[in-house]
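J.: Next come a sequence and a model predicted from it.
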Amino acid sequence: MDIGVHHYLIVSAVLFCIGLLGVLIRRGLIEMYMGLELMLNAANLALVAFSRFQNNLEGQLMVFFTITVAAAEVAVGLALIVALYRKRKTTDATDLTSMKL
Amino acid sequence: MHETLFYIFAALTLLCGLLVVFNPFSRNPVTSAMFLVLTMISISGLFVLLQAYFLAAVQILVYAGAVMVLFLFVIMLLDLRESEQRRLKTFSTVLGLAAVGGLAAVMIGTVKHAQAGAATAIGETRALGKLLFTQHLFPFEIISVLLLVAMVGVILLSKREVE
Amino acid sequence: MAVVLMCVPADRRDLLRRGTLLATMISLLTALLLFLSLENAPAGPGNLSTALTALQSPVPLLNETAPPPLEAKYQFKFTQRTDWMPSLGISYHVGTDGLSAALLLMATLVAFAAACCARDVQRRDKEFYVLLLLMSGGIFGAFASLDLFGMYLFHELALVPTFIMIGVWGRGEDKNYAAYKITLYLSVGAMLVLAGLIGLAQIVRAKYPPAEFSGYNLLEFYSMLEQTHGTGFNEGLGPLIFPALLIGFGILVSLWPFHTWAPMAYASAPTATAMMHAGVIKKFGLYGLIRIVLPLHPYAPNADYWWQLLLWFGLANILWCGLVAMRQKDLNWLLGNSSVAHMGFVFLGIASLNFIGLTGAVLVMVAHGLLAALAFGLSGHLYAQTKTLEMSKLGGLRREMPFIGTALLMALLAGCGVPGFANFVGEITVLFGLWKTQPIVTAIVCWAALVIGAVYMLRAARQVLHGPPPAIRPNYTDARDWSERLPFVLLLGALLFFGLFPNWLTEKMNRSYHRIGQSTGMHTTQVSPR
Amino acid sequence: MDWLNHYVSGLTAGQQFALFSLLKVLIAIFVVVLPIVAYTVVAERRISAWIQDRVGPNRVGIPFTNIRLWGLGQPLADGVKFLLKEDFTPAYARTVYFWIAPMVAMVPALLTLAVIPFGSQLGAQKVVIADLNVGILYTFGIVSLSVYGIVLAGYASNSKYPFLGSIRASAQMISYEIAMGLSVIPVFMLVGDLNLGKVIAYQSSGAWLVFKQPLAFAIFLVAAFAETNRLPFDMPESESELVGGYHTEYSSMKFALFFLGEYAAMVAASAMMVVLFFGGWTLPVAGLDQPAASLGMGLLQVGIFLGKLILLMGVFIWVRWMLPRFRYDQLMKLGWKRMVPLALANIVVTATVLFWQSIKS
Amino acid sequence: MNWMLYSLEIVMVLTGLGILLLDLGTPARGKRDLGYLGAFLLGLLLLQSVFLPEAQEGFSLMSSGNSITAAPGYTLDPFARYFKHLFILAAILVLLMTVDFADRLRHGVSEFFALVLFALAGMSAAASATNFITLFVSIELITVTFYVLTSFQRDQFRSLEAGVKYLILGAAASAVLVYGIALIYGATGSMDFAALGKESTGTAAQDYILQLGLLLVMAGLGFKIAAFPFQIWVPDVYQGAPAPVTAFLAVGSKAAGFALLMRLCHHLRPDLQALAGTVLAVLAGLTILYGSLCALRQRNLKRLLGYAGIASAGYLLLGLLALNTRQGGPTASADGCHAMLFYLAGYLFAVMAAFTVICHVSRDGEDEDLSILTGLHQRSPLLATVLTLSIISMAGIPPLVGFLGKFLLLQSALGALAERGAHLWLIIAALAGVVISLYYYFGILRAIYWGNGIRTDEVVETRPPIILPPTARLTLIACALILVLLGIFPEPLLDLSSRAVELFR
């Protein structure tokens, strides 16, 4: 069987959902963040697959940007989480309840 | 050859991805992070199969080499050993599973009929670079500002208190 | 004018007061002039009504552009039209005919009286006067405006001032609740009206493309009705416009069952606000019903159904609120409820769908405006003296305050429709009109108006003015000098004057309204007087 | 040989590719890298002894004989010693990672060699395991993974000094990776390709890049020291502060793997430098700068490459015993405030020159 | 590549960099004055952008009246320019606001200024984006900058908490956005918005991919504009972030999202427009109701404004309803966009004025409970008046500019729906939302003028009058004047905004 674009897309869709699941059910901020990275990677995979099968480099270019953005986001995000941890000694999302109605 | 490799890498990707989120053996964030690294590397393998060599290398270089090290670094620094002793809430888990399951069904259902054009060999680094520095120079510059922002932000957020 | 007043330092109380009085006086005189010269004025443009609005409202005088063919056709005088937001088809367009001139006269009179009666405001009076002027300026603008958008906008000017006035200077435990209640009710009504107006404008714009692009112009709306016979109201959102406007305006006038805000708000509001609102601003809803909804009636689908509803609701206004008024212990609550009940007459007059009823309705509007202002002004004076308006705690006041007492007695009598006052004339005209279309209703109304009205009004008179005074109480003072008496005298005088010479009003109104009624088909198609 | 030829030509192209790749991998690891690593250790000890004016290990020769061979049997003895020592895993260590870490430390260094062209051609086969178009990026990608071994080791040991060592290591390696990456960009700007074979081809037609880009070379060299955690940048394991840094808790073969990994990384770094700056397998004499036509020529070129490699390894060893260790903040300051700006400046200058040239021509 | 075309973004970034550099040589006391410098330079930039020569338009090679394309993914049409004006104005006000807020930012005022400028550059780029790459990149620049800005007061836990929440949800939105972009790219084979307008060539499956991608992209943008299911971050972030950041978030970031959404929707081909219109209609209704109902119970001023902001995002979405109608055609949709543009401009001044007042009224470390407004009319009549005006404007009461915005939106929505009479519930929801909004907005007025049963004279004793610095006074007066004047003489703004949507016609 020939490997077509849909093979890659299914992998990417499943991976995306796994990542989303991670964001939804894990409670540790860092683990949630890892789920987010999975989602981004899934999107990247889809982009590259499309790019390849459409003979169009823009998709790969987008992946390049996505990776860069993800790196920046992770840097800021982790710094934030560390700052939070310093303040409250927790990285659990369920502890973020200082502002409730 | 291509098929076999695809199935190997795809399986690895999904397996490791799943282990990032759900690990029956360990709740240790380091484990999650390590499996995430493996996921990244497998995805990079898929990129190679898609002849996106440049991106495969960048994927390893940036994600596996820098981003994940950062993750590991932070996990170690904060010493998050048993971060998840709290029980997951059953309700939210079930809800999440249901929602994601639905989404997965929709996405896979949609995506599985995607049509393939005839693939030809592209993915030259040179072509990518040309595109990047001519047509898409503006987003490139914006990204550089973004990196600057991230740098400033990280320093602001983590530098020691000055009195 | 309000803006100018804002610049006056807050500690110069007399200056503030005199400024306000001056402003309202000028507008009163202008309105009088306008009213008197309505007949003789040339059909062309004139600046008088503009001047009146401009005195109070922030819309300044702009350059005049369009010639007024339609104004002449519909017999509007003193018109002025200036591009305001040309891209939206909105213009600053003012003018008066008999109807609005009468209402303007009444409004300016009440505003002047209210400004006189505002003396019981003791703290932060600068803000009070500013808000009062804003309010009155807005309502003058609303009556004078010939642009639907402008009409709405000017009316809404009163919303925030009312809220703040009741909240800051109001009285009673429930003033917060009352402030919210009146605001929310009025805004529900206003929203319905706004939606209806927008829909209306869109239909006008679609069906009546004139040379100068517009849509929100009242006169073009009339003209469109006349020329196209109202096609366009059957499709799309068209059928919804009529009920939206009807209910919306109804809420603004405290149509039953949306009336509960009114007594409460009037009981809690400071004197001047209650006078302005009960006397004038509430009339805007009726004005809208007459100006916009009534001409629309023949063309709107299902109009008869809604019209019937209006009739029964109006009836409910009279009966229900009359009965409620009978049970009140507080004078202001009583007055508020009776004011709602009086609105029922106007509704019935409008709902009677004939000319006589309509004339009566307008008469009642004017008369009730004066009466409400008078009554609330007097009760405000009482409250300032006695610090309570609970009727059981008052009594025998006529002896201590002969002037106020007499005035109050006359107001109460006017309220239950004693001949000689304008109210009587109006109500009786409404009943005449109604008889032609709805004899049964008329009978009920007659009974209700006479019996219920007499019962609560006279009970109030007895409890407050006569009867035994409570054992211990301080000395009260009557209205001492002419400046305190003047507003009441003026209002009473006007009531009596219009009661004795109603022709003065009706002639002017009829003449201008006849034309509109004819051209829009109301008169000819729906009502056959004989 | 006939049957071999026959067998090989009977295979499909894919199978041939797989076979030769496997062969190359085996040769590269077991014939090239491991011996070099082993003898570098000896060389290191001998050279250090020489520098410190002592003798160094000179006893071990062929086992069970009296032949000493100037101590060349030492690696074997060391290996046996490592294998026979007690393999001790601390009770509080995180076992899985404790086991994985040494392997992770070793593998990337070996992987790096995959794209290094050790020679031009041997027969029809190129003397490079994988002739990637993005060779240099691949290298950097793999190098960036090498930090995991150390970080995991520190984490798994669950102990103070290893932890500090691994923290230092990760920060240091990531920092210098940037300088290293930036330093080679001018090289590729000149060459115009990311393939390492093309880099060598470029140098064979002109001067070696070490002459054209001395600054790039200097930065790369310094960064290579830091990347391999060698003195003067051996913060992660600085004995005087952290006992042994990340491998304090390790013993026996696991320790040996770290050890080998470090030397393998040295080999890889030197090989990269040879390729990038010293013309790879070429020498500008006697037609040695052209791809080999015969088998002998090919072997000679491999020899040339290895010779250059060994020379650079010598530099590594020499420097280790000549310079004192930096302080950690000095190290970071050097990396971020000197190396990175210099590398950036180098890029700008090179770009300007290239631009100017392109205008002129 | 014409550098003039990008001059606005370039100058913004350079100004930011300049402030960062100047920070090195500025003594600690003078650092806040860098904000004035930044605002001044932005003022100049605004002038420049207004007077950007008409010749700029001469780049146009297309005759269809479409925008001028410089390089793929960037355009400087009147629409983009309108938004750029808005963003610059907002940034100026934010900078001025920050100068007085400076002593509460202990971790570097200059960095704050610089980050604001960088975020501004991102918004400005977003206004010009015509392909998904630029869209993504500029959105991310905005978002990442706001992660930092939101958690800027890192000595306060709630600021950090807000930052983390924004971060997690924002990153999730980005991931969704990228995946959507991937799917659209896969279906159309191009990153350009324009490709969305081409007739469908593929099979039905291809169309499904396109639709799914579109939905995901709209979800990603929905996060930025805080539409209903993606609004959960709003209250916490609004409350936790420093007041100037909240203001900027409420105006700039949201407007950028809307700019992109409008441009995107404009390029859609008719059947996709119908799909998007339906989705947006549902979202709009739910957003309005959710925002309004949740705002009712709020006591915290910033949180309240956050929910109110959700509601107003719902109103703004009404402007996109016209997409849903075939008969309405381009004119109707242009009317909707016109209304949105106008509303956004009015909203800008109202929000900025409100937050400037909050800045001055609230004290460091204090929660912005409604009770801080008690007696404000005596502590500072100016603040009270300005806040009143801005609240009234947001509530949509004439004659302020906010009323006209809501009026236009309502008008466009009614116009769009008139042909079919469908979505009547939406109009009812919108009207109900307006009425509900009066309740909570007037709650603020009540807090200003007669407090919570506290006698006003007591309040005066406990809380001293607020003394405003002259610049703040000037800013506030300017905002208030604009609110009033634009409400009464909206024609210039109407003119501007209708010219901006010319390309949608």
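T.: On my side now, so go ahead.

J.: Now do the same for the residue positioned nearest the centre of chain B: its pLDDT.
T.: By Cα atoms, centre = their mean, the mean C-alpha position of chain B lies nearest to B:M40, the distance being 5.8 Å. With respect to pLDDT, B:M40 scores 89.

J.: Please give me every residue in contact with it.
T.: A:N41, B:Q59, B:I60, B:Y63, B:A64, B:M68 (Cβ atoms under 8 Å, 6 or more residues apart in numbering or on different chains). Heads up, the C-betas are built off the backbone N, CA and C, glycines and all.

J.: how does it look with 10 Å?
T.: Each residue near B:M40 by Cβ atoms under 10 Å, 6 or more residues apart in numbering or on different chains is listed here: A:37-38, A:41, B:13, B:16-17, B:59-60, B:62-65, B:67-68.

J.: Buried subset of those residues as a ChimeraX selection?
T.: This is how ChimeraX selects the buried members of the contacts of B:M40, with burial counted by 16 or more other Cβ atoms under 10 Å in any protein chain shown:
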select /A:37,38,41 /B:13,16,17,59,60,62,63,64,65,67,68
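
J.: which of the contacts of B:M40 come close to chain E?
T.: By Cβ under 10 Å from any Cβ of the partner chain, the members of the contacts of B:M40 lying near chain E are A:E37, A:L38, A:N41.

J.: The strand or helix carrying the first one and chain D in contact?
T.: Secondary structure assignment for A:E37, by DSSP states H and E: helix A:29-54. No - Helix A:29-54 is not in contact with chain D by Cβ under 10 Å from any Cβ; minimum separation 14.5 Å.

J.: Now the element after that helix, going C-ward?
T.: helix A:58-88.

J.: Just the angle for that following helix relative to helix A:29-54, thanks.
T.: 180 degrees (axes from the mean of the first three to the mean of the last three Cα atoms, to 10 degrees).

J.: where in the stretch 51-200 of chain E is pLDDT low?
T.: Residues of the stretch 51-200 of chain E meeting the criterion pLDDT under 70: E:51-71, E:200.

J.: scratch that, chain B
T.: Applying pLDDT under 70 to chain B flags the ranges B:1, B:80-90, B:92, B:110-123, B:161-163.

J.: go again using 50 as the cut-off
T.: B:163 (pLDDT under 50).

J.: dump the residue contacts of the spatially closest residue to C:Q328 that is not a sequence neighbour.
T.: Once flanking residues are discounted, C:Q328 sits nearest to C:L334: 4.1 Å by Cβ to Cβ, 6 or more residues apart in numbering or on different chains. Shown in contact with C:L334 (Cβ under 10 Å, 6+ apart): C:263, C:267, C:324-328, C:375, C:379, C:389, C:391, C:412, C:415, C:456-457, C:459-460, C:463-464.

J.: Let's see that with 8 Å instead.
T.: C:A325, C:Q328, C:M391, C:Y456, C:A460.

J.: Quick check: the first one touching C:S339?
T.: Looking back up the chat, that one is C:A325. No - taking contacts as Cβ atoms under 8 Å, C:A325 lies outside contact range of C:S339: 9.2 Å.

J.: Show me what from chain B comes close to chain D.
T.: Within chain B, the positions near chain D by Cβ under 8 Å from any Cβ of the partner chain are B:1, B:30, B:34, B:37, B:44, B:53-54, B:56-61, B:64-66, B:69, B:72-73, B:76-77, B:124-125.

J.: Whichever of those end up buried, select them in ChimeraX.
T.: Only the buried members of the residues of chain B next to chain D enter the following ChimeraX selection, criterion being 16+ other Cβ under 10 Å:
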select /B:30,34,37,44,53,54,56,57,58,59,60,61,64,65,66,69,72,73,76,125
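
J.: Let's see which of the residues of chain B next to chain D end up in helices.
T.: B:30, B:34, B:37, B:44, B:53-54, B:56-58, B:69, B:72-73, B:76-77, B:125 (DSSP state H).

J.: Select the helix or strand of chain E having the lowest average pLDDT value.
T.: None of the helices or strands of chain E scores lower by mean pLDDT, DSSP states H and E than helix E:456-462, at a mean of 51.

J.: ok, and for the helix holding A:E37, which residues are buried?
T.: A:29-54.

J.: Point to the residue nearest the middle of chain D.
T.: Central residue of chain D (Cα atoms, centre = their mean): D:A268, at 1.9 Å.

J.: rewinding a little: quick one: the helix holding A:E37 near chain B?
T.: Yes - using Cβ under 8 Å from any Cβ, helix A:29-54 reaches chain B at A:30-31, A:33-35, A:37-38, A:41, A:44-45, A:48-49, A:51-54.

J.: got the angle between that helix and helix B:68-78?
T.: 170 degrees.

J.: so what are the domain limits for chain B?
T.: B:1-82, B:124-163 (automatic domain parsing).

J.: As a markdown table, those domains with distance to E:T385 would be great.
T.: Converted to a markdown table, those look like this (distance: least, Cβ to Cβ, whole Å):
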| stretch | distance to E:T385 |
| --- | --- |
| domain B:1-82 | 49 |
| domain B:124-163 | 36 |
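
J.: tell me the most buried of these?
T.: Neighbour counts (mean count of other Cβ atoms under 10 Å in any protein chain shown) averaged over each of the domains of chain B peak at domain B:1-82, with a mean of 21.

J.: Just name the shakiest helix or strand of chain A by mean pLDDT.
T.: Result, chain A / mean pLDDT, DSSP H and E: helix A:5-25, a mean of 84.

J.: My read is that E:F118 contacts E:T15, right?
T.: No - assessed by Cβ under 8 Å, E:F118 is found out of contact with E:T15, at 9.7 Å.

J.: Which one of the two is surrounded by more residues?
T.: E:F118 (29 against 24; other Cβ atoms under 10 Å in any protein chain shown).

J.: show me where the stretch 51-200 of chain D has helices.
T.: D:74-84, D:95-112, D:135-145, D:147-157, D:160-191, D:196-204 (DSSP state H, counting those that start in this stretch).

J.: Chain neighbours aside, what residue packs nearest to E:A447?
T.: Per Cβ to Cβ, 6+ apart, closest to E:A447 is E:L373, 4.1 Å.

J.: Could you report the distance from E:L249 to E:V94?
T.: 10 Å (Cβ to Cβ, to the nearest Å).

J.: So for the two, which sits in the more crowded spot?
T.: E:V94 (34 against 28).
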